[in-house]
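Visitor: Dropping a prediction and its sequence here:
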Amino acid sequence: MFGTSACKYFNTENPNHDELIVSIIRKADTINDNQQAFSYLDSSFRVLEKPGIKDQFKVLYFKQRKYLKTSIEKNSHSSLLKASKYADSMILIKRTSDLMLPKN
């Protein structure tokens, strides 16, 4: 997983913390410096007890969106590469969660 320690929690049984993760992301979004915003987000994410798949996806999406915005605003190739790594992690979460669903 790129950027979070989500792998150790990865389990379709874990609950999602929808309201809490949204409030954390809203607060992180008010921080102008990307690295400070990511630090706040990561430290807040770590205190969640067994974050769910949607929680992990939302954190990765936030970081991907921030790097994509930076790549556009500053014409930054390195930020675009970072954004694509977060997008790859989001795809991995989706594919893995699909595989973990019970087969009917």
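Guide: Happy to help now that I have it.
Visitor: Please name the nearest non-neighbouring residue to A83.
Guide: Once flanking residues are discounted, A83 sits nearest to Y67: 3.8 Å by C-beta to C-beta, 6 or more residues apart in numbering. To be clear about C-beta, it is placed using only N, CA and C from the backbone, and glycine gets the same treatment.
Visitor: Hmm, that neighbour is touching S79, no?
Guide: Yes - between Y67 and S79 there is a contact under C-beta atoms under 8 Å: 4.8 Å.
Visitor: so where's the longest helix in the chain?
Guide: Identified as the longest helix of the chain according to DSSP state H is helix 77-100.
Visitor: Please identify the buried residues of it?
Guide: Buried residues in helix 77-100, counted by 16 or more other C-beta atoms under 10 Å: S79, K82, A83, Y86, A87, S89, M90, L92, I93, S97.
Visitor: Show me where this protein dips below the pLDDT cut-off.
Guide: 1-13, 101-104 (pLDDT under 70).
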